[in-house]
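# Pasting the sequence and the predicted coordinates here, then a few questions.
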Amino acid sequence: MRIPESELIINGDGSAFHIHLRPEELADNVILVGDPGRVDMVAEFLTDIEFRHQSREFVSTTGKFNGKRITVLSTGIGTDNIDIVMTELDALANIDFNTREVKPEHRTLSILRIGTTGAVQPDIPLGSFIFSHYSVGCDGLLNWYADRDKISNNAMEDAFVKHVGWNKYLTRPYFVKAGKTLIDKFEDCTVKGVTISACGFYGPQGRVIRIPLAMPDMVEKFESFRYGDYRITNFEMESSAVAGMARHLGHEAGTVCCAIANRHLKSSNTDYKPRVRELVKLALEKLTA
């Protein structure tokens, strides 16, 4: 089936509409970062840089680490941008841009988001590296797609909704597991994470500035939730869409973040860039091992 021009927009230079990458520029290993400036930080570790593109918040480059080709792409903030990025990355890998038809053989990408996060458990110190074994989609993105129950751990989801006393006006959360290969690669050097992926930085993460919250005790309820040996570890804003879209599209994906705040201890570290650089180097080594 030919995908119409209105549904998949391809630029005149043959690149994907938003991220401005061409199919031949995409590596099998992809690192996603939120901050466009962080692309250049990652690129400092790479050799054989092929290009640098920039369109709005989407900055990209492809180079090599340990002899393996890696694409680095910034997404900006939020799961709405992840919907764009994951859809266009998959299109570059699995749709023929000349015929607009799905390729007969599926190409699987390994996609790792590297970011910053706020821990919610008192025993997770600042600077910890947290790998999201599960991401909790409080953003609602995956609820727009068919078969969301097939990618969510529904029993874990039900237990969470009951424990928290989920507000009826909020979109139902979904629980998506990261790709097993990436979980295994990072298991020996990261905190085992269950990550709340929020649709905002303030109210949706339990911060009160001038507007009261719909669930005033949400952070405490998140912190006390247990499901087997899983517990909520941290807040961020993209991991659920990365994991969920990847699961739908047949890619391996996960998120690893550096804790720069602890919500329980009410502490933060604004001088976190050196520690993030350490995480970037670790991630590159793990991806290319």
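The structure has been received and is ready for your questions. Numbering: from 1, shown residues only.
# Wait, residue 125 touches residue 261, no?
No: contact criterion Cβ atoms under 8 Å: residue 125 and residue 261 do not qualify, at 11.2 Å. C-beta here means a position set from N, CA and C on the backbone, and glycine is covered the same way.
# Which of the two has more residues huddled nearby?
residue 261 (19 against 13; other Cβ atoms under 10 Å).
# which SS class is the more buried one?
strand (DSSP: H, G, I helix; E, B strand; the rest coil).
# how close does it get to residue 190?
17 Å (Cβ to Cβ, to the nearest Å).
# One more: residue 99?
Taken as Cβ to Cβ, the span from residue 99 to residue 190 is 42 Å.
# For the two, indicate the residue with more neighbours.
Set side by side, residue 99 and residue 190 show more neighbours around residue 190, with 21 against 10, by other Cβ under 10 Å.
# Bridge partners for the nearest residue to that one once chain neighbours are set aside, pull those for me.
Leaving aside its chain neighbours, residue 190 sits nearest to residue 131 (3.9 Å; criterion: Cβ to Cβ, 6 or more residues apart in numbering). For residue 131, the beta-bridge partners under DSSP bridges are residue 192, residue 256.
# Geometric centre of this structure: which residue is closest?
residue 239 (3.2 Å; Cα atoms, centre = their mean).
# pretty sure that one is touching residue 131, no?
No: counting by Cβ under 8 Å, residue 239 sits too far from residue 131 to count as a contact (9.9 Å).
# hey, what's in contact with both of the two?
Common neighbours of residue 239 and residue 131 (criterion: Cβ atoms under 8 Å, 6 or more residues apart in numbering): residue 255.
# right, and the helix or strand after the helix or strand hosting residue 258?
In this structure, residue 258 sits in strand 252-262 according to DSSP states H and E. Moving toward the C-terminus from strand 252-262, the next helix or strand (DSSP H and E) is strand 267-268.
# contacting residues around that following strand?
118, 126, 260, 261, 262.
# at 6 Å instead, please
residue 261 (Cβ atoms under 6 Å, 6 or more residues apart in numbering).
# ok, now stretch 204-212?
By Cβ under 6 Å, 6+ apart, stretch 204-212 touches 198, 202, 218, 219, 235.
# Relative to residue 132, how far out is the last one?
Looking back up the chat, that one is residue 235. 11 Å.
# quick one, which of these two is more surrounded?
The residue with more neighbours, out of residue 235 and residue 132, is residue 132; 36 against 25, by other Cβ under 10 Å.
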